[in-house]
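S.K.: Provided below are the primary sequence and the corresponding predicted coordinates.
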Amino acid sequence: MTGPKALLEVDNVTIRFGGLTALDSVTFDIREGEILGLIGPNGAGKTTCFNVMTGVYQATSGQVRFDGKVLTRLKRHKITKLGIARTFQNIRLFKSMTVLENVMVGADAHSKVGFFDALFRLPRHRRTEAASTARAKEILEIVGIRARHDELASNLSYGDQRRLEIARAMATGPKLLCLDEPAAGFNPAEKLRLMELIRRVRDEGYTVLLIEHDMRLVMGVTDRIVVLEFGRKIAEGVPSEIRDNPAVIAAYLGVDEEDAS
Amino acid sequence: MSTTTTPTSAGGTSLVTLGKRWDVIVERYNSQPTIIKALGLAAALVFVYALPLIRPPFFTTDQIDFGGVMFSVAAFALVAVGLNVVIGYAGLLDLGYVGFYCVGAYTTGVLTSYHWSWPFFLALPVAIAVTMVTGVLLGAPTLRVRGDYLAIVTLGFGEIIRICVKNIEWLGASAGIKDIAHPNTIGAAPQPPFDKGGLFEVPRLEWDGLIPSLDTQHKTAVLAFGAADAIPYYWLILTALILVLIGDRLVKASRVGRAWEATREDEDAAELMGVPTFKYKLMAFALGAAIGGLSGSFYASGQSGYISPDSFPLLLSMLFVAAVIVGGSGNRWGAIAGGALVAYLPERFRDFADYRLLIFGLALTVLAVWRPEGLLPPRRTRRAKAAEAEIDALEEGELEGGLA
Amino acid sequence: MNVLAVEFGNLFGSLSSFLDYTIGGLVFGAIYALIALGYTMVYGVLQLINFAHSEVFMYGTFAVAWTFVFLHGTDSVSQSLGEALPILLVALLAAMLVSAAVALLLERFAYRPLINKNAPKLIALISAIGASFALAEAMGLRDRFAGWVGLDDNLANYVSPEKARDVYSNPVTIQPKDLFDIGGYTVKDIDLVVVFAALAMMVALDQFVRRTKFGRGIRATAQDPEAAALMGVNSTRVVQVTFLIGGLMAGVAATLYMMKIGSTRQNAGFILGVKAFTAAVMGGIGNLRGALLGGLILGMMEAWGSAVFGSEWKDVTAFVLLVLILLVRPSGLLGESLGKARA
């Protein structure tokens, strides 16, 4: 394959829960600097696939390699440190913390500050704290909620909470940013703004994996698309190819037409 | 587990007003120039230190030595601050906190009296270290267990510790340990019965109704630790409390505090944001244990210098938890208030001595039902409630406009 | 320390073989299991640790002793199970009624307001701890309450003036009778009755939850309260019935306990409650069969523990075992599943 090198490789991954096969020998990769869309009808295995990549599930067989390293049997916070960050489909912010603090938690992922640094306010604490705060505010600026940094996360509007999720994940300094249905519950105008944001995030130098239901959004923003159905990969290619792929139309678009109200 | 709450307006409003009143005080204080703030703080500190000498009317317990009561108030406040780290910050329900208190006390007892005769201030750091190690040993296997189970495991731990000290001869078995060293007196050594030693003596106030006069009969020797006067012990433990509070504040407002809060809010999400949750839970547990050990150590070397297995019933754990929750889990001032109330009220109202546990139990239930967030919840909780109420009020109109 | 520990110690002083310990353990395990049901049902439905359930049991034990005082009088006698049976049955009924009433009061005043406010679980636990203190203390102060209304003389046999906090004994001691031998061990009628009564109650409850319409409601609420409510399940009623069942079972446990031990005390509930909760967690909280399994294992392990290390280490054995089981199987032996089909 030509072009940029693969950042994350999903290599022949199978996952079974009891008798149910959620993913069946799925193989694809994500290249540095691209926006990859992972789509498929409900229950196609998108979220399962996502969870394997972020270490929530372990693959029954097969491998996930990130930057050449095998991810199996790694602790979840270690995977984050390697450079994979994610958002949650059902928003999972730290509700009693402020917007800035939420982002700071992400920024702390690479901090070496320990208990004694904090207790004695050692130089390392001051330095790191100042740098993280600045970085966090910068990211909040990018996603467009800088002005609300002192609010409690639970007080943000639904759309801003989704933005905060993205900001928090970005703050962990990932090479790969995984967005799990970031447009769920958005109206068309909000979706448009989200597309802009995703492009902007990519321009900041992040590689983005986008799991999405909404075809228009996916077609509009991604560089390449992988389509899953019943746990199998049924297609892979640039948006225009996917749009014309009969298997995809049969499996997915039909469903989506009914879905899109 | 979901933590979403939809507060009913009744509970929310009263809570918000109480919170607002407290916030106004805090804000007014914060808006003062630095010099005024420093003076205010100093005045408050002097007042708190002098409280057992001032003996304010009504507040002072008349049937039992007020200095002793203030000592237990400060000791409970210290315990509550420690447990608040575990329950309030990290969200770990520890029902066996008395175990750590006991370990701290017994380490001090063994080192200063039962087997060795170390001076108190040498035994104190060892007691803290031993308790901390105990905390790590207990926490390492159990903190992986889910939250509700942690409660019962820690409850069991508290009981195990008590049974151990009751049955192990080396720890004094059921007879307990007596003659535990008092903290070292600074200045002249006390020479009973008349010379109290210490650096110098300060008199107390005496009240006739609301008119104070100087009581020169009962003087307290500063920095002298004997069996006669509890006030120096109060000063010592109060100092420890203040130091712990400063540390608590510094650590809470740092990466560590954020990691705790994130773990408490959503452990999975925290883990995926790169927080090594287990490490931070263990840290909270060990820190809580250390503070428990610290207060246990002070308790052992207190006025009577005697401890026995019966000094550490599981019931005490429940009182500690109650102190934290009553005050408002997660707020250090709330924890202090809760600890102080739990220690003080039964002593002040000794007339009802036989009924005090009954009243205490009823009060806990009534308080929980009537004000679920505690007397003084963290400022944020109140802010969130206020905002939620506002949003709720606005929402109906907005929903119609926005989504229809 | 408490009645149970003392009696349990004596019990094992007089017995010797491994089988003796095992049977003794099973008997207590059966009682733990019955109390554990109260914890496990409430937890299954509400995810709340019903800390005050220990007092539900304790009130039941007093109900048994009071019934004997009322129907038999205060002269201490020793009777066989057959002779005591008529009063014992009345006592069973009384204990079930009293325990169920206490459980329902708890639900009404200590929990329901909090459930309605959707308060944090920790607060519900505090409320429960408070209620537990208050109930235990109220029993310990019953002589004063009677004194307030001038009935302390009339009710002296029930309220034990000046001694309300001491051990309160059933005037009728039920003498165990040897039934038959297995492997050198003589099976006694009381032990057999305790174990079988407990088993019968468990089976009945299991069937109730699995087969009846109401059982379905309980299971549905345990699985998904919102969906159950949408499907027309009255969740308040489900919670009430859950507490009611827990109370009835605690009443049975109280009767069996009094049959076996013969005396109680205002703080007798606490340690038994802790043990029963341990049993529930061990078996997998929310799981009815888990409660039985957990209770029996806990009882036996304790008995063996006291055989090996001495009876003072009995409680330690129990808790260490709990920690070990949770480390290997974090959701208990049978898993947590009031909602699932196995109930």
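M.R.: In hand now; what should we look at? Numbering: from 1, shown residues only, chains lettered A, B, ... in the order given.
S.K.: got the confidence number for residue 177?
M.R.: Chain wasn't specified; assuming chain A. A:L177 carries a pLDDT value of 93.
S.K.: that's the wrong chain, I wanted chain C
M.R.: 88.
S.K.: skipping adjacent residues, who's closest to it in space?
M.R.: C:D189 (4.8 Å; CB to CB, 6 or more residues apart in numbering or on different chains). C-beta: built from backbone N, CA, C; applies to glycine.
S.K.: ok, that neighbour - how many residues close by?
M.R.: 16 (other CB atoms under 10 Å in any protein chain shown).
S.K.: which secondary structure elements does the longest helix seen in chain C sit against?
M.R.: Ranked by residue count, the top helix of chain C under DSSP state H comes out as helix C:18-46. The helices and strands touching helix C:18-46, judged by 3 or more CB pairs under 8 Å, 6 or more residues apart in numbering or on different chains; DSSP states H and E, are helix C:3-14, helix C:53-72, strand C:185-188, helix C:189-211, helix C:213-223, helix C:235-261, helix C:268-283, helix C:288-309.
S.K.: what sits against C:D152?
M.R.: Taking CB atoms under 8 Å, 6 or more residues apart in numbering or on different chains, we find C:D152 in contact with C:D143, C:A146, C:V159, C:P161.
S.K.: tell me the secondary structure at the closest residue to it other than its chain neighbours.
M.R.: With sequence-adjacent residues excluded and distances taken as CB to CB, 6+ apart, C:D152 is closest to C:A146, at 4.2 Å. At C:A146 the chain is in helix, as set by DSSP: H, G, I helix; E, B strand; the rest coil.
S.K.: touching, C:A146 and C:V159? I think so.
M.R.: Yes - taking contacts as CB atoms under 8 Å, C:A146 lies within contact range of C:V159: 4.5 Å.
S.K.: quick one: low-confidence parts of the chain?
M.R.: All of this refers to chain A. A:1-3, A:252-261 (pLDDT under 70).
S.K.: hmm, I had chain B in mind actually
M.R.: In chain B (pLDDT under 70), the answer is B:1-20, B:146-148, B:190-197, B:375-404.
S.K.: which strands and helices lie in contact with the single longest helix found in chain A?
M.R.: Longest helix in chain A, counting residues (DSSP H): helix A:123-143. If contacts are counted by 3+ CB pairs under 8 Å, 6+ apart, helix A:123-143 sits against helix A:99-107, helix A:115-119, helix A:158-171, helix A:188-203, helix B:255-265.
S.K.: wait, isn't A:A107 in contact with A:P174?
M.R.: No - counting by CB under 8 Å, A:A107 stays clear of A:P174, with 11.7 Å between them.
S.K.: which one's more surrounded, those two?
M.R.: In this view A:A107 and A:P174 are compared by other CB under 10 Å, and A:A107 has more residues nearby, 29 against 22.
S.K.: give me the distance between the one residue in the stretch 1-150 of chain A that gets nearest to chain C and chain B.
M.R.: Nearest to chain C, among the residues of the stretch 1-150 of chain A, is A:S96, at 11.4 Å (CB to the nearest CB). According to CB to the nearest CB, to the nearest Å, A:S96 stands 6 Å off from chain B.
S.K.: does that residue sit in a helix, a strand or a coil?
M.R.: coil.
S.K.: my read: it touches B:E265, true?
M.R.: Yes - assessed by CB under 8 Å, A:S96 is found in contact with B:E265 at 6.0 Å.
S.K.: I'd say the residue nearest to C:K177 and C:I174 touch.
M.R.: No - here C:D189 does not reach C:I174: they are 9.3 Å apart, not a contact under CB under 8 Å.
S.K.: now do the contacts for the residue nearest to C:D152.
M.R.: C:A146 makes contact with C:D152, C:L155, C:Y158, C:V159, C:P161, according to CB under 8 Å, 6+ apart.
S.K.: now swap in B:S301 and tell me
M.R.: Neighbours of B:S301 in contact, by CB under 8 Å, 6+ apart: B:T108, B:T112, B:F120, B:A123, B:I180, B:A181, B:H182, B:P183.
S.K.: neighbours of C:Q79, how many?
M.R.: 15.
S.K.: average model confidence for the host helix or strand of it?
M.R.: Assigned by DSSP states H and E, C:Q79 belongs to strand C:77-80. If you average the pLDDT over strand C:77-80, you get 89.
S.K.: repeat for stretch C:215-225
M.R.: Here the average pLDDT along stretch C:215-225 is 85.
S.K.: give me the distance from it to the chain's centre.
M.R.: Between the centre of stretch C:215-225 and the centre of its chain there are 23 Å (CA atoms, centre = their mean, to the nearest Å).
S.K.: what do you get for stretch A:58-75?
M.R.: Using CA atoms, centre = their mean, the distance between the centre of stretch A:58-75 and that of its chain works out at 17 Å.
S.K.: pull out the buried positions in it.
M.R.: Across stretch A:58-75, burial judged by 16 or more other CB atoms under 10 Å in any protein chain shown covers A:A59, A:G62, A:V64, A:R65, A:F66, A:D67, A:L71, A:L74.
S.K.: would you map the strands across the stretch 251-400 of chain B?
M.R.: Assigned by DSSP state E, counting those that start in this stretch, the stretch 251-400 of chain B shows no strands.
S.K.: count the neighbours of the residue of it found nearest chain A for me.
M.R.: Evaluated by CB to the nearest CB, the stretch 251-400 of chain B has B:G274 as its residue closest to chain A, separated by 2.8 Å. For B:G274, the count of nearby residues is 27 (other CB under 10 Å).
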